[in-house]
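[1] have a look at this fold, sequence not included:
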Ligand code: ADP
Ligand code: MG
Ligand code: MG
């Protein structure tokens, strides 16, 4: 079964819900190795996206994702704003004019989005950034697609991969963004942006389980 237009809208709604619920948690993570604003940033951004949901009803998936990206760009700010925005704006390309996504199309969408984040932020593996979760998510989804799994099963596996990858950032030393100013003192704390990626994948899994 394909991921439907309605489930994409539900995904964004779930993002708004989860970022609201976890705003303090994310901000607390950012207090340890950053400037204590990450949860506030994400919550503000997705609240604005939520306000746009009614106008998404008659639009194709690409248009929805593009508007989401533009909305995040003007509302999140900081280092993560342009990066999460880029994810959606790039993810809009392979989904232009589509109303449903098969797993291979979802893989393409996420792969494009993550390539956008990497080309913008220039993160490398183990730099302790959101990319350290995005890459394992892409790998997990590709693997699930090769095995012809259902989208539901693919997302359930991607969620597990994301959670594990976010835990793995604890042991890393930050080499990008604000946390890198701390040098070795950034070790021992979970990367806030990585925790946000986990929530985005959880939101997508929720949208299909709803
Ligand atoms: P700021 O650091 O400007 O306050 P946020 O707190 O909203 O921005 O976001 C911080 C998160 O952004 C980090 O936890 C990290 O995951 C992510 N990040 C920072 N720089 C980069 C980068 N160059 N590439 C990928 N992700 C990055
Ligand atoms: Mg911050
Ligand atoms: Mg900031």
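    Perfect, I can see it now. All values derive from a computational prediction rather than experimental measurement. Ligands and ions are numbered 1, 2, ... in the order given.

[2] point out where the chain drops to low pLDDT.
    Within the chain, not a single segment meets pLDDT under 70.

[3] for ligand 2, what is the nearest residue in it?
    Residue of the chain nearest ligand 2, by Cβ to the ion: residue 34 (3.9 Å). Where you see a C-beta, it was placed from the backbone N, CA and C, and this is true even at glycine.

[4] hang on, that residue packs against residue 180?
    No: with contacts defined as Cβ atoms under 8 Å, residue 34 does not count as touching residue 180, sitting 10.2 Å away.

[5] so for the two, which sits in the more crowded spot?
    Set residue 34 next to residue 180 and count neighbours by other Cβ atoms under 10 Å: residue 34 wins out with 24 against 15.

[6] you'd agree residue 50 is up against residue 13?
    Yes: judged on Cβ under 8 Å, residue 50 makes contact with residue 13 at a distance of 6.4 Å.

[7] between the two, which contacts overlap?
    Here residue 50 and residue 13 share no contacting residue, scored by Cβ atoms under 8 Å, 6 or more residues apart in numbering.

[8] torsion angles phi and psi at the closest residue to ligand 3 within the chain?
    Closest to ligand 3 within the chain is residue 78: 3.9 Å, counting by Cβ to the ion. Dihedral angles of residue 78 (phi, psi; degrees, to the nearest 10) stand at phi 60, psi -160.

[9] surely it and residue 41 touch.
    Yes: contact criterion Cβ under 8 Å: residue 78 and residue 41 qualify, at 5.4 Å.

[10] which of the two has more neighbours?
    The neighbour count for residue 78 versus residue 41, taken as other Cβ under 10 Å, is higher for residue 41 (26 against 19).

[11] tell me which residues in the helix or strand where the more buried one lies are buried?
    Per DSSP states H and E: residue 41 is located in helix 38-56. Going by neighbour count (16 or more other Cβ atoms under 10 Å), the buried part of helix 38-56 is 38-46, 48-50, 56.

[12] check stretch 93-107 too.
    For stretch 93-107, by 16+ other Cβ under 10 Å, it's 94-95, 98, 101, 103, 105-107.

[13] name the residues that touch that stretch?
    With Cβ under 8 Å, 6+ apart, stretch 93-107 has contacts from 2-5, 8, 60-63, 65, 108-109, 112, 138, 141-142, 144-145, 149-151, 154.

[14] of the residues you listed, buried ones?
    Buried among the contacts of stretch 93-107 by 16+ other Cβ under 10 Å: 3, 5, 8, 60-63, 65, 108-109, 112, 138, 141-142, 144-145, 149, 151, 154.

[15] just the ones in strands from those residues, please.
    Cross-referencing these against strands under DSSP state E gives residue 3.

[16] quick check: residues of this structure near ligand 3?
    Proximity of the chain to ligand 3, by Cβ under 5 Å from the ion, involves residues 35, 37, 78.

[17] if we use 8 Å, what do you get?
    30, 34-35, 37-38, 41, 77-79, 178 (Cβ under 8 Å from the ion).
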